[in-house]
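Quick one, what's the 3D model for this:
(2 chains)
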Amino acid sequence: AQTVTQSQPEMSVQEAETVTLSCTYDTSENNYYLFWYKQPPSRQMILVIRQEAYKQQNATENRFSVNFQKAAKSFSLKISDSQLGDTAMYFCAFMNRDDKIIFGKGTRLHILP
Amino acid sequence: KAGVTQTPRYLIKTRGQQVTLSCSPISGHRSVSWYQQTPGQGLQFLFEYFSETQRNKGNFPGRFSGRQFSNSRSEMNVSTLELGDSALYLCASSLVGAPYEQYFGPGTRLTVT
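Coordinates of the predicted model:
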């Protein structure tokens, strides 16, 4: 069974600092997608960044970047110059060829002023 | 372009009752997926509809059902409600051929008493 594990239930960092959220996954498939979603207190799930497994280059979206280690099945998210608006639950997720998204349990991130 | 809308936003029901939740996808999106989010189980895939047909199903009992209409709007129904059905129900829509780009609605918060 495919699983997604986020080992950090909760994290806090000071504004403007850099923070890294960890994620590991388990799959026997070779082609898949990995995602980081953000869910602020408003509950709206927002896609932060997406990585296609066949691409070796790590995805980047402005202050957000990933470290994708396919062999290690690791997919961490780095947030640079963190802002108060980054406070949210962050979910690592995996999409298999059935197009179902499998989510991790989430990491609650607090950005402190 | 309007985002994914879900109605109602909040719902309180009694054990044993049934409930219907509605999801209107982004215009042009024909695939709609449903997810259940609870503190204990996290986010779990319920089912996916495409062109009025259920294409994927998660591991939920038969009390959970859904359908999709010709305009791509989708409904999910839960019969014989149990306390454990209290959750945030999220739907997401995507374009044909782009299942990796799902846009989520704000969710319906269902409370079963």
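
what about the closest residue to B:Arg9 other than its chain neighbours, distance to A:Thr3?
Among residues not flanking B:Arg9 along the chain, B:Thr108 sits closest, at 6.2 Å (Cβ to Cβ, 6 or more residues apart in numbering or on different chains). From N, CA and C alone the C-beta is placed, and that goes for glycine too. Counting by Cβ to Cβ, to the nearest Å, the gap between B:Thr108 and A:Thr3 amounts to 27 Å.

More neighbours: which of the two?
B:Thr108 (21 against 11; other Cβ atoms under 10 Å in any protein chain shown).

wait, that one sits on B:Lys13?
No. Using Cβ atoms under 8 Å as the test, B:Thr108 is too far from B:Lys13 to be in contact (11.3 Å).

check contacts around the closest residue to A:Cys23 other than its chain neighbours.
Nearest residue to A:Cys23, sequence neighbours excluded (Cβ to Cβ, 6+ apart): A:Cys92, at 3.4 Å. Counting by Cβ atoms under 8 Å, 6 or more residues apart in numbering or on different chains, A:Cys92 touches A:4, A:6, A:21, A:23, A:25, A:34-36, A:75, A:77, A:103-104.

Now render the residues you listed as JSON lines, adding pLDDT and neighbour count.
Formatted as JSON lines, the contacts of A:Cys92 follow (pLDDT from 0 to 100; neighbours: other Cβ atoms under 10 Å in any protein chain shown):
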{"residue": "A:Val4", "pLDDT": "96", "neighbour count": "24"}
{"residue": "A:Gln6", "pLDDT": "97", "neighbour count": "21"}
{"residue": "A:Leu21", "pLDDT": "98", "neighbour count": "22"}
{"residue": "A:Cys23", "pLDDT": "98", "neighbour count": "27"}
{"residue": "A:Tyr25", "pLDDT": "96", "neighbour count": "19"}
{"residue": "A:Leu34", "pLDDT": "96", "neighbour count": "25"}
{"residue": "A:Phe35", "pLDDT": "96", "neighbour count": "25"}
{"residue": "A:Trp36", "pLDDT": "97", "neighbour count": "26"}
{"residue": "A:Phe75", "pLDDT": "97", "neighbour count": "28"}
{"residue": "A:Leu77", "pLDDT": "98", "neighbour count": "24"}
{"residue": "A:Phe103", "pLDDT": "95", "neighbour count": "20"}
{"residue": "A:Gly104", "pLDDT": "96", "neighbour count": "25"}
